[in-house]
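*Asks:* Sequence first, predicted coordinates after that:
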Amino acid sequence: MAFKSEELAVAYWRDNISLVLKLLAVWFVVSYGFGIILVDVLNQITFFGFKLGFWFAQQGSIITFVILIFIYVNRMTALDNKYDVHEE
């Protein structure tokens, strides 16, 4: 990966790390917050016949993780194109 200047390299990695931290924060809130901390509150709601807290702990965090992978790929492709470091 060749950057045209050091400033572009720093900006690229700043944006990259910012994206990763935002996605990890979403995953943390869904898996730990909804699946563990708020499980009793969410269990009062049913979702497809299951308690919502149980659903988040078993399925929701996994589905969220897969969705976040696709978001990461999409955003990194846009970021690579923005800084002109995409693969040919």
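*Replies:* It's in. Residues are numbered from 1 along each chain as shown.
*Asks:* CA atoms for contacts and neighbours, from now on please.
*Replies:* Noted.
*Asks:* Strands of this structure, start to end?
*Replies:* With DSSP state E, the ranges of strands along the chain come out as 46-47, 50-51.
*Asks:* Quick check: chain neighbours aside, which residue is closest to the spatially most central residue of the chain?
*Replies:* The centroid of the chain falls nearest to residue 23 when counting by C-alpha atoms, centre = their mean (2.8 Å). Leaving out its chain neighbours, the residue that sits closest to residue 23 by C-alpha to C-alpha, 6 or more residues apart in numbering is residue 68, at 6.6 Å.
*Asks:* What is the neighbour count of that neighbour?
*Replies:* Neighbours of residue 68 under the rule other C-alpha atoms under 10 Å: 17.
*Asks:* Next one: it from residue 39, what distance?
*Replies:* With distances taken as C-alpha to C-alpha, to the nearest Å, residue 68 is found 22 Å from residue 39.
*Asks:* before we move on, back to that, how near is the residue nearest to residue 23 to residue 8?
*Replies:* Look at residue 68 and residue 8: by C-alpha to C-alpha, they are 26 Å apart.
*Asks:* buried set for stretch 51-58?
*Replies:* Within stretch 51-58, the residues scored as buried using 16 or more other C-alpha atoms under 10 Å are 51-57.
*Asks:* Narrow the residues you listed to those in helices?
*Replies:* 52-55 (DSSP state H).
*Asks:* Switch the residues you listed over to a markdown table; also include distance to residue 27.
*Replies:* A markdown table is the format used below for those (distance: C-alpha to C-alpha, whole Å):
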| residue | distance to residue 27 |
| --- | --- |
| 52 | 17 |
| 53 | 15 |
| 54 | 16 |
| 55 | 15 |
